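A.B. asks: Predicted coordinates and the sequence they were generated for:
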Amino acid sequence: MPARAALALVERLTGSGRLGLALFVACWSIAVLVPLSGLLFASFLTGRGVGFLFVPTTKAYAEIIGGFRLDVVLRTLRLAAIITLIDLLVAFPFAYWLAKGLKHQGVKFFTLVLLVIPFFLSAGARTIVWRSILGREGAVNLVLMTVGITDHPIDWLLFSEFAVVIGSVGPYFPSMVWPLYLSLSLIDDDLISASRDLGAGPWATLRYVTIPLALPGVAAGIIFTLVPLLGDNVVSTLLGGGRVLLIGESVNSLVGVLNYPGAAALSTVVLAVIIVLGWLFRAALRAMGGGDLFAGLRL
């Protein structure tokens, strides 16, 4: 009886719209807003060993704007944009084939399972393999020298921006495919058939029907790919070889030398960049006629 009474009380409380919203806001504030506010606050303090001196300063931000860390931020944004674009261009036709072209349910299920497997693998384990492929004695150099394209190993294949891009495309491919697949699956086949019946060719149907209806998936795919890339430090560490310093690796380095205000400031800059990019992205898609991007995903 006490258990039933407690359950009834919880159902009565959560059944109230206002109380449910208040509980959600409270939990969200504790889990998200409080840590972010603490991060912003710490970025304006002076570090002292493993602690802080409560002396306000903008030194950490001055070091970002006037030092090499600005180059780190710009490099991270550039590489993240390149990787996201590559994943989008490859994932969209693949997701379309998976959602509309592949009819065999067994093969579709097996393909979806393969897309889930990378999430259960160690990021380091699936990245370190590229060293044996892109290294001086790796598979790529071996093939190039065997066919006579080059007579000596190519050094820039590994420990370069090229290696970081190649090593990042695969791990983040499922993050792009899944939202696209779900969004494309929600498009009614009758709409595509009607477009063809009205005389539209495949490209016209893709441009005026499929892509506008798939914009929620495009937006979600870009967000789920771009945002984690901004904080990734595994690929740049293993394949960059210290030559391609990105934000995630820089933050770890700052924490390692007990420069907590610098790490907090750099993390705050990343958060600000994400907010600005999200706003610009939303405005750009609205200008393209996207309207309410997530209206199609409402249940």
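C.D. replies: In hand now; what should we look at? Numbers count the residues shown, from 1 in each chain.
A.B. asks: If I look at residue 120, what pLDDT would I see?
C.D. replies: In the predicted model, residue 120 carries a pLDDT score of 78.
A.B. asks: Show me the contact partners of stretch 118-131.
C.D. replies: 138, 158, 163, 166-167, 170-171, 173-174, 234-235, 238-239 (Cβ atoms under 8 Å, 6 or more residues apart in numbering). To be clear about C-beta, it is placed using only N, CA and C from the backbone, and glycine gets the same treatment.
A.B. asks: and with 10 Å instead?
C.D. replies: 117, 138, 140, 157-159, 163-164, 166-168, 170-175, 232-239, 241 (Cβ atoms under 10 Å, 6 or more residues apart in numbering).
A.B. asks: So which of those are in helices?
C.D. replies: 140, 163-164, 166-168, 170-175, 234-239 (DSSP state H).
A.B. asks: Of those, just the buried ones, PyMOL syntax please.
C.D. replies: To isolate the buried ones among the ones in helices among the contacts of stretch 118-131 in PyMOL, judged by 16 or more other Cβ atoms under 10 Å, type:
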select buried, resi 140+163+164+166+167+168+171+172+173+174+175+234+235+236+237+238+239
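A.B. asks: Give me the buried positions along stretch 218-237.
C.D. replies: 218-227, 229-230, 232-237.
A.B. asks: what's the spacing between that stretch and its chain's center?
C.D. replies: Using Cα atoms, centre = their mean, to the nearest Å, the mean C-alpha position of stretch 218-237 is found 3 Å from that of the whole chain.
A.B. asks: quick one: average pLDDT of stretch 141-149?
C.D. replies: 89.
A.B. asks: That one: which residues count as buried?
C.D. replies: So, applying 16+ other Cβ under 10 Å, buried residues of stretch 141-149: 141, 144.
A.B. asks: CA atoms only: put that stretch into CSV for me.
C.D. replies: Listed next in CSV are the C-alpha coordinates belonging to stretch 141-149 (Å, rounded to 0.1, in the frame of the first residue of the first chain):
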residue,chain,number,x,y,z
ASN,A,141,52.3,4.1,-49.6
LEU,A,142,52.9,0.4,-50.5
VAL,A,143,50.2,0.5,-53.2
LEU,A,144,51.4,3.9,-54.6
MET,A,145,55.0,2.7,-54.9
THR,A,146,54.0,-0.7,-56.3
VAL,A,147,52.0,0.8,-59.2
GLY,A,148,54.8,3.3,-59.8
ILE,A,149,53.0,6.5,-58.9
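A.B. asks: Contacts for it, please.
C.D. replies: Counting by Cβ under 10 Å, 6+ apart, residues outside stretch 141-149 touching it are 133-136, 150-155, 157-158.
A.B. asks: Please repeat the previous calculation with a cut-off of 6 Å.
C.D. replies: When contacts are defined by Cβ atoms under 6 Å, 6 or more residues apart in numbering, stretch 141-149 is touched by residues 150, 153-154.
A.B. asks: Over to stretch 238-245?
C.D. replies: 72, 127-128, 130, 159, 161, 163-164, 167, 236.
A.B. asks: can you check stretch 53-60 too?
C.D. replies: Contacts for stretch 53-60 (Cβ under 6 Å, 6+ apart): 43-44, 46, 261-262, 265.
A.B. asks: from these, which single one is nearest residue 85?
C.D. replies: residue 265 (28.4 Å; Cβ to Cβ).
A.B. asks: do you know how far that closest one is from residue 249?
C.D. replies: According to Cβ to Cβ, to the nearest Å, residue 265 and residue 249 sit 16 Å apart.
A.B. asks: Compare these two and say which one has the larger neighbour count.
C.D. replies: Per other Cβ atoms under 10 Å, whichever of residue 265 and residue 249 has more neighbours is residue 265, with 26 against 20.
A.B. asks: That one reaches residue 43, doesn't it?
C.D. replies: Yes - using Cβ atoms under 6 Å, residue 265 is in contact with residue 43, at 3.9 Å.
A.B. asks: residues touching the closest residue to residue 252 other than its chain neighbours, list them.
C.D. replies: In this structure, residue 252 finds its nearest non-sequential neighbour in residue 233, 5.7 Å apart by Cβ to Cβ, 6 or more residues apart in numbering. Going by Cβ under 6 Å, 6+ apart, residue 233 touches 248-249, 252.
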